[in-house]
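S.K.: Quick one, what's the 3D model for this:
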Amino acid sequence: MAIAEGIVATKATLEVAKLVMDKLNTPNFDVHDIRLKVQEMLIHVVNAQAALGEAQIEISELRHKLENRDDLKVLAADIEHVQGGGYIIRKSERERSILNPCCPICWGQDKKVIPLAPMANGYYKCALHRTSYRSAETIEFYDNNRHTSF
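M.R.: Numbers count the residues shown, from 1 in each chain. Presented below is the predicted three-dimensional model:
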């Protein structure tokens, strides 16, 4: 609505400016009346400036929301649910042989990818929800990397 308010205020300014010019072109113009019209014009200009400033802020906020929404779409496309374990992983990490299971509850509630804390014997636990996860993939990954020195 701020843009519409700015346009209305600008139109009012132009109308008052035209009235002032018409009065100035008459042989006997009233200085006091013209002064009032100029003050009215200034009020409309300030209103237009304020409305357009609000519009700029609103546009900036909407752009930020759109960027966040686009980022969330990209992230959602990268999420994969591991059926046997119940947790989620990023496809991009799986393709690079990285096992970083994340909490499906955190993703479902807040759309946040919160890694699960590794526990003993291939179990993973969400620090926020205290839920545990383990799958055949987790066990296999754990067994294959148990003797690997880092």
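
S.K.: CA only for contacts and neighbour counts going forward, please
M.R.: Noted.

S.K.: This protein: helices as residue ranges?
M.R.: 2-24, 31-78, 91-95, 104-110, 136-145 (DSSP state H).

S.K.: what about those, which gets the closest to residue 123?
M.R.: helix 136-145 (7.6 Å; CA to CA).

S.K.: returning to what we had before: deepest in the core, which of the helices of the chain is it.
M.R.: Of these, the one with the most neighbours on average (mean count of other CA atoms under 10 Å) is helix 2-24, at a mean of 17.

S.K.: Against which helices or strands is it packed?
M.R.: Where contact means 3 or more CA pairs under 8 Å, 6 or more residues apart in numbering; DSSP states H and E, helix 2-24 is packed against helix 31-78.

S.K.: between the helix it packs on and helix 2-24, what angle do the directions make?
M.R.: 160 degrees (axes from the mean of the first three to the mean of the last three CA atoms, to 10 degrees).

S.K.: ok so, going back, which stretch among the helices of the chain comes nearest residue 120?
M.R.: helix 136-145 (9.6 Å).

S.K.: Looking at the helices of the chain, spot the one closest to residue 127.
M.R.: Comparing the helices of the chain by CA to CA, helix 104-110 comes nearest, at 10.4 Å.

S.K.: Determine how far the closest one lies from the middle of the whole chain.
M.R.: 19 Å (CA atoms, centre = their mean, to the nearest Å).

S.K.: mind saving the C-alpha coords of that helix as CSV?
M.R.: Extracted C-alpha coordinates of helix 104-110, given in CSV (Å, rounded to 0.1, in the frame of the first residue of the first chain):
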residue,chain,number,x,y,z
PRO,A,104,13.9,-35.7,11.0
ILE,A,105,11.9,-34.0,13.8
CYS,A,106,14.0,-30.8,13.6
TRP,A,107,13.5,-30.8,9.8
GLY,A,108,9.8,-31.5,10.0
GLN,A,109,9.1,-28.9,12.7
ASP,A,110,11.5,-26.0,11.9
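
S.K.: for it, what is the average pLDDT?
M.R.: Computed over helix 104-110, the mean pLDDT rounds to 89.

S.K.: For residue 129, find the nearest of the helices of the chain.
M.R.: That would be helix 104-110 among the helices of the chain, by CA to CA, at 7.8 Å.
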